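J.: Give me a 3D structure for the following:
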Amino acid sequence: QNPLPFEITIDRAVTQAGVAGVVDASFNQSFTSFIIPAFGSANSGTFPDVALPLGALAALAIIPLQELDILNADVSVRVATIEGKLGIPIPLDGLKQTAVNTTYTLNLSET
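T.: Sure, this is the predicted structure:
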């Protein structure tokens, strides 16, 4: 959700998420075109290759909760972009948020 009167572009997010203060999942995601319009919202899409520091079996317990806490997120954004170009870079480090809605797609095949 972007409450500002100008566009925001997110370039990268490095995040640790979990339940009860324990890191259950982490990811390092770069974006090629994650633009949030002025006064608007956008969906970040699917994040592939999420690391499960406690292992897959332990992670099964968090799936029914359908939410995770963002324990720490470092996000690289640019504000006042024009269709995702230019803008003023602002690093947002140490972000936290509780009860983030979460859905899961499990890929159990070998690659």
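J.: ok, now which ones touch Thr102?
T.: 17, 65-68 (C-beta atoms under 8 Å, 6 or more residues apart in numbering). Placement of C-beta: from N, CA and C, glycine included.
J.: So which of those belong to helices?
T.: For those, not one is inside helices, with DSSP state H as the criterion.
J.: any chance you could map the helices in the chain?
T.: For the chain, helices defined by DSSP H occupy the ranges 56-59.
J.: just the strands in it please.
T.: Per DSSP state E, the chain carries strands over the ranges 8-19, 22-36, 67-79, 88-101.
J.: quick revisit: identify the farthest-apart pair in the contacts of Thr102.
T.: Farthest-apart pair in the contacts of Thr102 is Ala17 and Gln66; separation 12.9 Å (C-beta to C-beta).
J.: neighbour count winner among those two?
T.: More crowded of Ala17 and Gln66, by other C-beta atoms under 10 Å: Ala17, with 21 against 12.
J.: what pairs with the closest residue in space to the more buried one that isn't next to it in sequence across the strands?
T.: The spatial neighbour of Ala17 that comes closest, neighbours along the chain excluded (C-beta to C-beta, 6 or more residues apart in numbering), is Leu68 at 4.2 Å. Beta-bridge partners for Leu68, by DSSP bridges, are Val100.
J.: got the contact list for the lowest-mean-pLDDT helix or strand in the chain?
T.: Least confident helix or strand of the chain, by mean pLDDT, DSSP states H and E, is helix 56-59 with a mean of 88. For helix 56-59, the surrounding residues in contact (C-beta under 8 Å, 6+ apart) are 24-25, 52.
J.: Could you give me the ChimeraX selection string for whichever of those residues are buried?
T.: In ChimeraX, this line selects whichever of the contacts of helix 56-59 come out buried by 16 or more other C-beta atoms under 10 Å:
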select :24,25
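J.: ok, of the contacts of helix 56-59, which one's closest to Val77?
T.: For those, with Val77 as the reference and C-beta to C-beta as the criterion, the closest is Ala25, at 21.6 Å.
J.: State the distance from the closest one to Gly55.
T.: Per C-beta to C-beta, to the nearest Å, Ala25 is found 11 Å from Gly55.
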